[in-house]
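K.L.:
the following comprises the amino acid sequence and a computationally predicted model.
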Amino acid sequence: MAEIVCPSCFAVNRVPEDRLGEQPKCGKCGVPLQQNLPVDLDTAHFDRFITRNSLPVLVDFWASWCGPCKMMAPAFKQTATELAAKVSFAKVETEAEQTLAARYSIRSIPTLVLFKNGKEAARMSGALDAAGIKRWLMSHGV
């Protein structure tokens, strides 16, 4: 049984692993649990989303003024669409969420951080295209 955190209300849902590809919905608010889009996270919801998801979570730490971040955003979104049943994708805007940026020692952006079982498993700074994001995830067992 997998736990999936709702991207809308952040309720924790238990879903049979063999049904993850069937677009399950949140038991609390009815929103699809895998929306094929990155979830915007803030400090209030970050820990719950990272620690309670059974799927690995890939977080893009970015800023609105960052050119490479803007360049990578469509590739990140595309990869989120393609790998929704295997990985949860999230974004943290570092200017708005400076506490999270400091907590994870984000020194350059964009920075991708892969979390598995609530713990940081890998990190990479710099923009990637969709193929590069997928290769990087595969190199870390996703």
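P.N.:
Nice, thanks for sending it over.
K.L.:
could you say what helices and strands the longest helix along the chain packs with?
P.N.:
Secondary structure assigned by DSSP state H gives helix 67-82 as the longest helix of the chain. Contacts defined by 3 or more Cβ pairs under 8 Å, 6 or more residues apart in numbering; DSSP states H and E place helix 67-82 against strand 57-62, strand 88-93, helix 130-139. In short, each C-beta sits where N, CA and C put it, glycine included.
K.L.:
using TSV, lay out those together with mean neighbour count.
P.N.:
Shown next, in TSV, are the helices and strands packed on helix 67-82 (neighbours: other Cβ atoms under 10 Å):
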stretch	mean neighbour count
strand 57-62	25
strand 88-93	24
helix 130-139	16
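K.L.:
of all those, which lies closest to residue 41?
P.N.:
strand 88-93 (4.8 Å; Cβ to Cβ).
K.L.:
list the contacts of the closest one.
P.N.:
By Cβ atoms under 8 Å, 6 or more residues apart in numbering, the surrounding residues in contact with strand 88-93 are 4-5, 34, 37-42, 46, 49, 53, 55-64, 76, 79-80, 83, 100-101.
K.L.:
swap in stretch 42-52?
P.N.:
Contacts of stretch 42-52 (Cβ under 8 Å, 6+ apart): 3, 5, 10, 12, 39, 41, 57, 59, 88, 90, 92, 96-97, 99-100, 115, 118.
K.L.:
same thing with stretch 59-71?
P.N.:
38, 41, 50, 72-73, 76, 89-95, 100-101, 104, 106, 109-115, 126-127.
K.L.:
and it, what's its mean pLDDT?
P.N.:
If you average the pLDDT over stretch 59-71, you get 97.
K.L.:
just how off-centre is it within its chain?
P.N.:
Centroid separation for stretch 59-71 versus its chain: 14 Å, with Cα atoms, centre = their mean, to the nearest Å.
K.L.:
what pairs with the lowest-mean-pLDDT helix or strand in the chain, parallel or antiparallel?
P.N.:
The least trusted helix or strand in the chain, going by mean pLDDT, DSSP states H and E, turns out to be strand 2-5, with a mean of 93. Neighbouring strands of strand 2-5 in its sheet, by DSSP bridges, are strand 12-15 (antiparallel).
K.L.:
what about stretch 99-116, start to end distance?
P.N.:
For stretch 99-116, the separation between the terminal residues is 21 Å (Cα to Cα, to the nearest Å).
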